[in-house]
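Sequence plus the predicted model coming up.
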Amino acid sequence: MCFDPTTILHCLDHGHRQTTARNRRGRQPFRRGRFVLALLLFTLGVHQSRVVRAQEERQLFVRVYDAAGDLITDLTAQDFVIQHGGVECKVVRVELINEPLRLTLLVDDADGADPYFRFLRNGLPTFVNALPETSQVALVLLSGRPRVVVDHSEGLAKVQERLGGLFTVPGSSAGFFDGLREAVERFLEDDARWPVVALVTTDGASNRGTFTPGKYDAFLDHLNDSAVTVHALSLHAVGGDFFQQGIARDVTQMARGWYDTLNSPSPAVSAKLTEMATEISLRHAASNQYLVVYELPPDAEPSDGASAGVRREQVTMHVSLDGRPGPTPPTGLTFAVAMNEIEAGIRTRQAQVKTLEAEIVALQRDATILEESSRLGQPIPQQAGGAAGAAVGSAIGGGGREGFWNAGELAFASGNLDEAVTFYEQAHQEDPNWGKPLFKLALVALNKGDTETAVGFFEQVVAVDPSSAEGTQASEFIAQLRN
């Protein structure tokens with residue numbers, strides 16, 4: 001049997017610790033051909049493939065894609081060829097692994113999350129909906145002492161129900177480090193395969209009573225030796241000290257996870273949560289792979305190189321020692337689609353740059369006119385000064401209910417709640433039978449922790465606009481807040 005001479009070699013260096021060793025354990029793509037051979041070298045040590053029986057059996061994790069980039073799921077032991085030290089090995093068994101996603105969702109519901117309350121209430125259910133339907137999700141809230149409010153076995157409906165009643169706890173600190181450490185330790189105790197931790201945290205006040213550099217180093221060692229992947233979305237809090245944000249960034253880098261930040265409350269929270277869930281789902285789909293167990297040849301040197309191949313044409317392989325899902329390079333047609341998307345993105349950005357350049361020229365012209373008019377003591381020309389007041393002018397639009405409403409939305413999105421209340425009240429005065437500003441006044445009250453006032457506004461929404469979307473939501477809020 002002939003092996004593809006264009007074999008790709010992947011060496012594992014076991015002298016490095018933590019992130020270096022972890023990154024080099026990742027999957028490697030292999031070229032397509034009539035027969036695909038993937039070569040993987042490993043030696044005895046903590047990072048070698050798991051010994052199944054004494055020193056006679058080893059295992060590899062293999063994903064195989066067809067020319068279209070789709071996973072191939074009909075391979076048998078006879079389709080795999082394993083060599084060790086150049087000698088063909090007996091393939092003992094092949095198992096297609098297809099386990100449900102097992103995820104722990106940690107949510108900072110302490111005081112630092114209060115400005116983001118509205119967006120978390122909307123975005124977290126969307127996050128859960130974007131996960132695979134078979135996912136096993138546990139929900140941990142971090143205000144005060146971290147607590148598991150929904151376990152992995154209770155189902156996604158229970159998680160959604162609990163998120164529907166989520167409120168921040170004013171004046172509280174987040175048990176961030178303890179919650180993260182306990183989530184990883186629970187996975188280690190359960191011996192779960194490729195578990196996932198998703199963090200939604202702020203850099204607000206955090207309980208640090210149990211945090212020490214020694215405990216943090218021990219936690220990083222446990223994380224490094226585990227198969228846990230950590231993803232995180234960090235939300236900036238005014239006056240935050242970046243304690244939680246710094247840990248989240250470091251941990252996701254070590255655990256090969258997704259990480260992003262937002263600087264202020266906005267609808268982008270929902271978009272980023274959906275982005276994180278999509279990444280988790282894509283990685284989980286990639287965990288549907290083959291566990292290939294093979295028998296070492298007699299008198300084999302454990303340090304000799306091992307190779308894996310499949311008897312299929314036009315395929316792409318990804319081989320790893322631990323099978324841990326990570327960012328997957330595009331294959332087949334998906335590569336072309338990805339390149340088209342990148343090129344389209346470049347063209348869009350170039351067009352945006354040209355637009356910004358034109359706006360800068362217009363601003364410079366306005367500035368010149370303003371400066372000249374001021375110097376001569378003449379009235380400012382009508383065409384000048386338009387950019388200077390564009391934000392306020394476009395929002396208020398000369399008054400009226402829509403103008404005050406738009407101004408309130410801008411203030412709310414910027415976190416200026418008192419200013420938002422003023423504009424919403426003015427919009428309500430313009431049209432007392434319009435439910436939208438009343439609904440927003442209720443949400444602002446909830447953000448401030450004033451449940452009684454919020455219920456009062458929700459009742460007004462139902463009274464003046466019962467058939468609208470706001471009226472329906474207001475009825476649901478009233479039922480929840482009164483229970």
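Cool, the structure landed.

Quick one: mean pLDDT for stretch 205-220?
Stretch 205-220 shows a mean pLDDT of 88.

hang on, Pro125 packs against Gly164?
Yes - with contact defined as Cβ atoms under 8 Å, Pro125 reaches Gly164; the gap is 7.1 Å. Yep, even glycine has a C-beta here, placed from its N, CA and C like the rest.

between those two, who's got more neighbours?
Pro125 (18 against 13; other Cβ atoms under 10 Å).

Can you tell me how far that one is from Val159?
9 Å (Cβ to Cβ, to the nearest Å).

So which residue is smack in the middle of the protein?
Met276 (2.1 Å; Cα atoms, centre = their mean).

give the contact list for it.
Phe127, Ala198, His231, Leu233, Trp258, Asp260 (Cβ atoms under 8 Å, 6 or more residues apart in numbering).

now with 6 Å?
His231, Leu233, Trp258 (Cβ atoms under 6 Å, 6 or more residues apart in numbering).

can you count the residues close to the first one?
By other Cβ under 10 Å, the residues close to His231 number 25.

repeat for the second one
The criterion is other Cβ under 10 Å. On that basis, Leu233 has 23 neighbouring residues.

Same list (the contacts of Met276) but as CSV, adding secondary structure, distance to Leu120 and pLDDT.
As requested, those are exported to CSV (DSSP: H, G, I helix; E, B strand; the rest coil; distance: Cβ to Cβ, whole Å; pLDDT from 0 to 100):
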residue, secondary structure, distance to Leu120, pLDDT
His231, strand, 16, 96
Leu233, strand, 10, 96
Trp258, coil, 18, 94
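
For Val140, give the beta-bridge partners.
Leu106, Val148 (DSSP bridges).

and it, what pLDDT?
At Val140, pLDDT is 96.

Can you give me the neighbour number for it?
Counted with other Cβ under 10 Å, residues neighbouring Val140 total 22.

For it, give its distance to Gly175.
Distance of Val140 to Gly175, given as Cβ to Cβ: 9 Å.

what touches both of these two?
Common neighbours of Val140 and Gly175 (Cβ under 6 Å, 6+ apart) are Pro146.

show me where pLDDT drops low in the stretch 51-200 of the chain?
Along the stretch 51-200 of the chain, the parts satisfying pLDDT under 70 run over 51-55, 191.

Sketch out the helices for it, chain order is fine.
117-129, 156-164, 176-190 (DSSP state H, counting those that start in this stretch).

Next: the stretch 351-483 of the chain.
Going by DSSP H, counting those that start in this stretch, the stretch 351-483 of the chain shows helices at 390-396, 400-413, 417-430, 435-447, 451-464, 469-482.

List the buried residues of the third one.
Buried positions in helix 417-430, judged by neighbour count with 16 or more other Cβ atoms under 10 Å: Leu417, Ala420, Val421, Phe423, Tyr424, Gln426, Ala427, His428, Glu430.

Name the nearest of those relative to Leu363.
Ranked by distance to Leu363 (Cβ to Cβ), the buried residues of helix 417-430 are led by Phe423 at 26.7 Å.

what residues are up against the closest one?
By Cβ under 6 Å, 6+ apart, the contact set of Phe423 is Phe404, Ala407, Gly408.

between those, which is nearest Gln473?
Out of the contacts of Phe423, the member with the shortest distance to Gln473 (by Cβ to Cβ) is Gly408, at 17.5 Å.

sorry, back to before: tabulate the helices of the stretch 351-483 of the chain (CSV), appending mean pLDDT and distance to Glu99.
Below are the helices of the stretch 351-483 of the chain laid out as CSV (pLDDT from 0 to 100; distance: least, Cβ to Cβ, whole Å):
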stretch, mean pLDDT, distance to Glu99
helix 390-396, 45, 51
helix 400-413, 81, 41
helix 417-430, 88, 45
helix 435-447, 88, 39
helix 451-464, 91, 42
helix 469-482, 85, 35
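
Figure out which of those helices is closest to Trp194.
With Cβ to Cβ, the closest approach to Trp194 among the helices of the stretch 351-483 of the chain belongs to helix 469-482: 35.6 Å.

Residues contacting the closest one, please?
Gly165, Gly435, Lys436, Phe439, Thr451, Val455, Phe458, Val461, Val462, Asp465.

8 Å - rerun?
164-165, 435-436, 438-439, 442, 451, 454-455, 458-459, 461-462, 465-466.

orientation of that helix relative to helix 117-129 in degrees?
Angle of helix 469-482 versus helix 117-129, following axes from the mean of the first three to the mean of the last three Cα atoms, to 10 degrees, is 90 degrees.

Give me the angle between helix 469-482 and helix 435-447.
Between helix 469-482 and helix 435-447, the angle comes out at 30 degrees (the same axes, to 10 degrees).

On the three-state scheme, Pro302 is what?
coil (DSSP: H, G, I helix; E, B strand; the rest coil).

Need the phi and psi values for it.
With angles defined as degrees, to the nearest 10, Pro302 sits at phi -60, psi -30.

Compute the number of surrounding residues for it.
Counted with other Cβ under 10 Å, the neighbours of Pro302 add up to 16.

Relative to Ala463, how far out is Gly471?
9 Å.

These two: which has the busier surroundings?
Legend: neighbour count by other Cβ under 10 Å for Gly471 and Ala463, higher for Gly471 (18 against 13).

How confident was the prediction at the closest residue to the more buried one other than its chain neighbours?
Excluding the flanking residues, the one nearest Gly471 by Cβ to Cβ, 6 or more residues apart in numbering is Asp465, at 4.9 Å. On the pLDDT scale, Asp465 is placed at 88.

between the contacts of Phe423, which is nearest Leu188?
Gly408 (48.7 Å).

which residue sits closest to that closest one, ignoring its sequence neighbours?
Gly408 sits nearest to Phe423 (Cβ to Cβ, 6+ apart), 3.4 Å away.

Now do stretch 269-280, average pLDDT.
pLDDT averaged over stretch 269-280 gives 93.

Of all the residues in it, which ones are buried?
For stretch 269-280, a neighbour-count test (16+ other Cβ under 10 Å) marks Val269, Ser270, Lys272, Leu273, Glu275, Met276, Ala277, Glu279, Ile280 as buried.

Could you measure from the fourth one over to Leu120?
Applying Cβ to Cβ, the value for Leu273 to Leu120 is 8 Å.

Check the last one too.
Going from Ile280 to Leu120 by Cβ to Cβ gives 18 Å.

Equivalent analysis for Leu75, please.
43 Å.

Give me the more crowded residue out of these two.
Leu120 (25 against 18).

Make sure Asn263 is actually in contact with Val238.
No - the pair Asn263 and Val238 does not pass the contact test of Cβ under 8 Å, sitting 10.2 Å apart.

care to break this structure down by domain?
Annotated domains of the chain cover 8-96+290-329, 102-286, 332-388, 390-482 [automatic domain parsing].

Phi first, then psi, for the closest residue to Asn288 other than its chain neighbours.
Once flanking residues are discounted, Asn288 sits nearest to Asn98: 5.0 Å by Cβ to Cβ, 6+ apart. Dihedral pair for Asn98: phi -140, psi 80, per degrees, to the nearest 10.

Wait, Asn98 touches Leu291, no?
No - with contact defined as Cβ under 8 Å, Asn98 does not count as touching Leu291 (11.0 Å).
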